[in-house]
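*Asks:* Okay, here's the prediction I keep looking at, along with the sequence it came from:
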Amino acid sequence: MTESNEVASPAAPDAPQKRWLNRTVAGAGVTSALGDFCYETTTVILPGFLAVLGLPAAALGTIEGIADAVASFAKMVSGYVADKLGHRKLLVIAGYGLTPLGQICLALALGWPLLLLGRIISWFGKGLRGPLRDAIVIQAVSPETRGRAFGFHRAADTVGAVLGPLLGVALLGWAEALHWSDASGPFRFVLWVSVIPGSLAVLSFMAFVRDSRRSPNPALKFFSSLRGLPLRFKRYLGAVGLFGCGDFSHSLLILAATQLMTASMGVVHAAQVAGLLYVWRNVVQVVTSYPVGVVADRLGHLPVLVAGYMLGGLTAALTALAFWVGVDSVILPGVVFFVAGLYAAVQETLESTVTAEMVHVDMLAMSYGALGTVNGATKLISSTTVGVLWTAGSPVWSFGLAALLMAGGALAMVRVRNG
């Protein structure tokens, strides 16, 4: 593919439906809400669960980083297989089915090995379904409404990420009053309950989402297809990767808030407040995702994405500041989680939308896989680095380094915009 035609036509082979809020978009949103309800319940209680099991911050960072890396490579493989065979919906259903299976492993875990296995299974399923679901959604709408369609989808997705942690925190508080043989009992109870919405997500996608595309490409070659991706898209992936090297898992934000407030509140109360702060972050993402998509449709998707990356750097910088000054109240962490929710809304709404503007529709699923691979591989680097530096005794340096890397990614994205 030459430089002259690197930005290919975004038109889909199937004529998109005129209404952007159609059955496929709405069904994918409901399914994602249920899926997030399942695994975000885990996200909010996992730091506390690791604490009662006696595992350090480095273990959380490594587990989350490895799980994100597995998800990233699953995204690449799923995109290639789907483009080659033309079967997307079945792979998405299988991906959603793996999430509750991973939750079961977590509920049974006595130490880090089964925790890691459960997180890998869940995140492999997440990686398997993500690019294909996004490709199905984006081909169900017109190019002019992609921003708002993805904004709606991410908002619906994050509704589950709000309700799941709220239920998790409430159940954790309720279960704590019961008699358990050990301190991990309340956490295991919440994990078992989370299996229910995960199972409903599978049924939802089967019932509501339609995938009209049935065009296999048996001649598709994996590495030659990667080499054939547009040059501008490769530069875009480079900027995404640099930002991703600092874009640590937000489970570490929950752990940070827990540690900062433990001295004044006690570990259980601090963990509950930190969980509610994560809910606050998700509420911000729900409320802003659709407006972000509308604004980006009008002002341009790439410029708004650059602004979101800058907010990501600010999130890490404020977290470093909180450790530097020794904050033990909820005010500064509340600001941190607000900014985190805002930049997550921009990032998750627009990275896929910008990708669709740079590649041909026949390579869309694989391009989403490449995007997911870059995001996941760099998440391994960022989460592991932040966790290890933190455990070594320097949370200020760990989050400060993350801030610098995310700022560098924003500057690199400006070059992509101007290039």
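*Replies:* Done, it's in.
*Asks:* rest of the way, CA atoms for contacts and neighbours
*Replies:* Fine.
*Asks:* so Leu252 makes contact with Ala59?
*Replies:* No. Under the criterion of Cα atoms under 8 Å, Leu252 is not in contact with Ala59, lying 10.9 Å apart.
*Asks:* intersection of neighbour lists for these two?
*Replies:* Gly387 (Cα atoms under 8 Å, 6 or more residues apart in numbering).
*Asks:* In which helix or strand does the spatially most distant residue from the centre of the chain reside?
*Replies:* Residue farthest from the centre of the chain, counting by Cα atoms, centre = their mean, is His179 at 35.2 Å. Using DSSP states H and E, His179 sits within no helix or strand.
*Asks:* Figure out the helix or strand that the nearest residue to Trp123 once chain neighbours are set aside lives in.
*Replies:* Distance criterion Cα to Cα, 6 or more residues apart in numbering; nearest residue to Trp123, sequence neighbours excluded, is Ala71 at 5.0 Å. Element membership for Ala71, per DSSP H and E: helix 57-85.
*Asks:* Beyond that helix, next helix or strand please.
*Replies:* helix 89-108.
*Asks:* If you average the pLDDT over stretch 306-314, what comes out?
*Replies:* This predicted structure assigns stretch 306-314 an average pLDDT of 95.
*Asks:* Run the chain-centre distance for it.
*Replies:* Chain-centre distance of stretch 306-314: 16 Å, with Cα atoms, centre = their mean, to the nearest Å.
*Asks:* Need the residues that contact that stretch.
*Replies:* Contacts of stretch 306-314 (Cα under 8 Å, 6+ apart): 243, 247, 339-340, 342-344, 346-347, 402-407, 409-411, 413-414.
*Asks:* Repeat that for stretch 94-105.
*Replies:* Taking Cα under 8 Å, 6+ apart as the rule, stretch 94-105 contacts 35, 38-39, 42, 114-115, 117-129, 191-192, 194-196, 198-199, 201-202.
*Asks:* hmm, try it at 7 Å
*Replies:* Stretch 94-105 has contacts (Cα atoms under 7 Å, 6 or more residues apart in numbering) with 114-115, 118-119, 121-122, 125-126, 128-129, 191-192, 195, 198-199, 201-202.
*Asks:* got the contact list for Pro247?
*Replies:* If you look again at residue 247, you'll see it is Asp, not Pro. Listed by Cα under 7 Å, 6+ apart, the contact set of Asp247 reads Lys379, Ser382, Ala402, Met406.
*Asks:* Produce a ChimeraX select command limited to the buried residues of these.
*Replies:* Of those, the buried ones can be selected in ChimeraX as follows, counting by 16 or more other Cα atoms under 10 Å:
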select :379,382,402,406
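*Asks:* of all the contacts of Asp247, which comes closest to Ala239?
*Replies:* Within those, distances to Ala239 taken as Cα to Cα reach their minimum at Met406, with 9.5 Å.
*Asks:* Surely that closest one touches Phe243?
*Replies:* Yes. Applying Cα atoms under 7 Å, one finds Met406 in contact with Phe243, separated by 4.2 Å.
*Asks:* thinking again about what came up before, how near is the residue farthest from the centre of the chain to Val159?
*Replies:* According to Cα to Cα, to the nearest Å, His179 and Val159 sit 32 Å apart.
*Asks:* likewise Thr349?
*Replies:* Going from Thr349 to Val159 by Cα to Cα gives 14 Å.
*Asks:* Have a look at these two and say which one is more surrounded.
*Replies:* Remark: of Thr349 and Val159, Thr349 carries more neighbours, 28 against 24, as counted by other Cα atoms under 10 Å.
*Asks:* Could you report the distance from that one to Gly293?
*Replies:* For Thr349, the distance to Gly293 - Cα to Cα - is 7 Å.
*Asks:* Please enumerate the shared neighbours of those two.
*Replies:* Joint contacts of Thr349 and Gly293 (Cα under 7 Å, 6+ apart) are Phe150, Gly151.
*Asks:* Least confident of the contacts of Asp247?
*Replies:* Lowest pLDDT among these: Lys379, 77.
*Asks:* count of neighbours near the closest residue to Met76 other than its chain neighbours?
*Replies:* Spatial nearest neighbour of Met76, excluding adjacent residues (Cα to Cα, 6+ apart): Gly369 at 3.8 Å. Counted with other Cα under 10 Å, the neighbours of Gly369 add up to 27.
*Asks:* for Trp180, same thing?
*Replies:* Trp180: 11 neighbours (other Cα under 10 Å).
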